[in-house]
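# Based on what follows, work out the 3D shape:
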Amino acid sequence: MPFKLTVLGCSSAIPNINHNPTAQLLNLNERFFLIDCGEGTQIQLRKYKINFQRINHIFISHLHGDHYFGLIGLISSMHLLGRKKELHIYAHEKLKKIIEYQLSASNTELNYPLFFHPISELRESILFEDDMISVENVILDHTLPCSGFIFKEKKSARKIKPKVIEQMNIPHDKLNSIKNGADWINLKGEVVKNKDMTYPNSPPNTYAFCTDTRYTESIIPKIKGIDLLYHEATFKNDMLERAFETGHSTTQQASYIANKACVKHLMIGHFSQRYKKLDELLLETQKVFKNTILAEAGMTIDFSNLTA
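Sure, this is the predicted structure:
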């Protein structure tokens, strides 16, 4: 199944003409999950020709404005454009009151059901799960409660070998069980092993989003072996003290986490506006963890193209 991530914004607290605040969109088989919603997110969605009415689940990491100031505008636009489908928001509980106040102040009664799912400040758990994906939170170390999110695709069914199925005259009503790993007993009572009738599907994809956080090794067990880790790198390594004071990480700290968690790929973002040349941050990170890329607005990462 397609598993693609589009970066909509990658700057830190203050937006500028080159970089929007944090927002990302995960596309799992044409089902869309929005991760954070900084100021201007709906403009970015339009810019990159993404139909935001197809977003049904929004995950907000924490309540600093650069991660949710675009949310009420997006909710309002969905309403004005006639949305009827329900929308689910996963965030720390104070956001519910903020949204309710904003809607009340503008005398807005939404056309569609809005469901709010509070995220615990103290407990990690599965926030959403269906037959394709699970989403769980991971507690980060910031200046106020902050959650990362781990997206895990479910294992896909195996692929049928059509010629083998035809030769053995296997009934079509048995194919689903075979796709899910069952063996087949033919008319002679012989067991045909599943591996002889199917091909393995591609392994499920995994993505971890760890925005605003100090260096904390507590997240390592949760993100062990992840395909792609997004870890903030607000500062270069010469600003370690500033990073700690403000609840952020440096480039090398992000790379140390990636190394210790044995992730396959690292993407850094949430860059301070003080840096005009982001390649400097990339090079500093790659000294420790080679498979590092820069988050850039408009880039789409197709997980099927990620190499080990």
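
# The residue lying closest to Thr250 once chain neighbours are set aside and Thr211, how far apart?
Counting by CB to CB, 6 or more residues apart in numbering, Asn237 is the residue found nearest to Thr250 once chain neighbours are left out, at 4.5 Å. (Each C-beta comes from the backbone N, C-alpha and C, glycine too.) When CB to CB, to the nearest Å is applied, the distance between Asn237 and Thr211 equals 19 Å.

# okay, these two: which has more neighbours?
Ranked by neighbour count (other CB atoms under 10 Å), Asn237 and Thr211 place Thr211 first, with 28 against 19.

# Surely Arg214 touches Asp141?
Yes: with the criterion set as CB atoms under 8 Å, Arg214 and Asp141 qualify as a contacting pair; they are 4.4 Å apart.

# between these two, what contacts are shared?
Common neighbours of Arg214 and Asp141 are listed as Gly247 (criterion: CB atoms under 8 Å, 6 or more residues apart in numbering).

# ok, these two, which is more surrounded?
For Arg214 and Asp141, the more surrounded residue by other CB under 10 Å is Arg214, and the numbers stand at 19 against 16.

# helix or strand for that one, which one?
Following DSSP states H and E, there is no helix or strand that holds Arg214.

# Render the CA-only coordinates of whichever helix or strand Leu26 is part of in PDB, please.
Taking DSSP H and E as the criterion, the element that holds Leu26 is strand 23-28. The C-alpha coordinates for strand 23-28 follow below in PDB (Å, rounded to 0.1, in the frame of the first residue of the first chain):
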ATOM      1  CA  ALA A  23       2.900  20.500   9.700                       C
ATOM      2  CA  GLN A  24       3.100  17.100   8.000                       C
ATOM      3  CA  LEU A  25       0.700  14.900   6.100                       C
ATOM      4  CA  LEU A  26       0.900  11.100   6.100                       C
ATOM      5  CA  ASN A  27      -0.900   9.300   3.200                       C
ATOM      6  CA  LEU A  28      -1.600   5.700   3.800                       C
END
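
# Figure out how far the helix or strand immediately after that strand in the chain is from the centre of its chain.
Next helix or strand after strand 23-28 toward the C-terminus (DSSP H and E): strand 31-35. Averaging C-alpha positions (CA atoms, centre = their mean, to the nearest Å) puts strand 31-35 8 Å from its chain's average.

# what lines up beside strand 31-35 in the sheet?
Sheet neighbours of strand 31-35, with direction, are listed as strand 23-28 (antiparallel), strand 55-59 (parallel) (DSSP bridges).

# tell me the average confidence for the strand holding Leu26?
Model confidence over strand 23-28, given as mean pLDDT, is 97.

# got a list of contacts for it?
1-9, 32-38, 41, 44-45, 50, 55, 70, 132-133, 151, 153, 207, 209, 230.

# Just the ones in helices from those residues, please.
With helices defined by DSSP state H, the entries of these inside them are 41, 44-45.

# got the contact list for the closest residue to Glu121 other than its chain neighbours?
For Glu121, the nearest residue in space outside its immediate sequence neighbours is Pro145; the separation is 4.2 Å by CB to CB, 6+ apart. Contact partners of Pro145, counting by CB under 8 Å, 6+ apart, are 62-63, 92, 121.

# Go through the residues you listed and name the one nearest Ile223.
Closest approach between the contacts of Pro145 and Ile223, by CB to CB: His62, at 17.9 Å.

# Quick check: the closest one is in a strand.
No: using DSSP: H, G, I helix; E, B strand; the rest coil, the assignment for His62 is coil, not a strand.

# these two touch, right, it and Asp212?
Yes: here His62 lies in contact with Asp212, judged by CB under 8 Å, at a distance of 6.4 Å.

# Can you work out which residues contact both of those two?
With contacts taken as CB under 8 Å, 6+ apart, His62 and Asp212 have 142, 146 as neighbours in common.

# Break the chain into its domains for me.
3-156+202-305, 159-199 (automatic domain parsing).

# Highest mean neighbour count out of the ones you listed?
Of all these, domain 3-156+202-305 carries the top mean neighbour count, a mean of 18, counting by mean count of other CB atoms under 10 Å.
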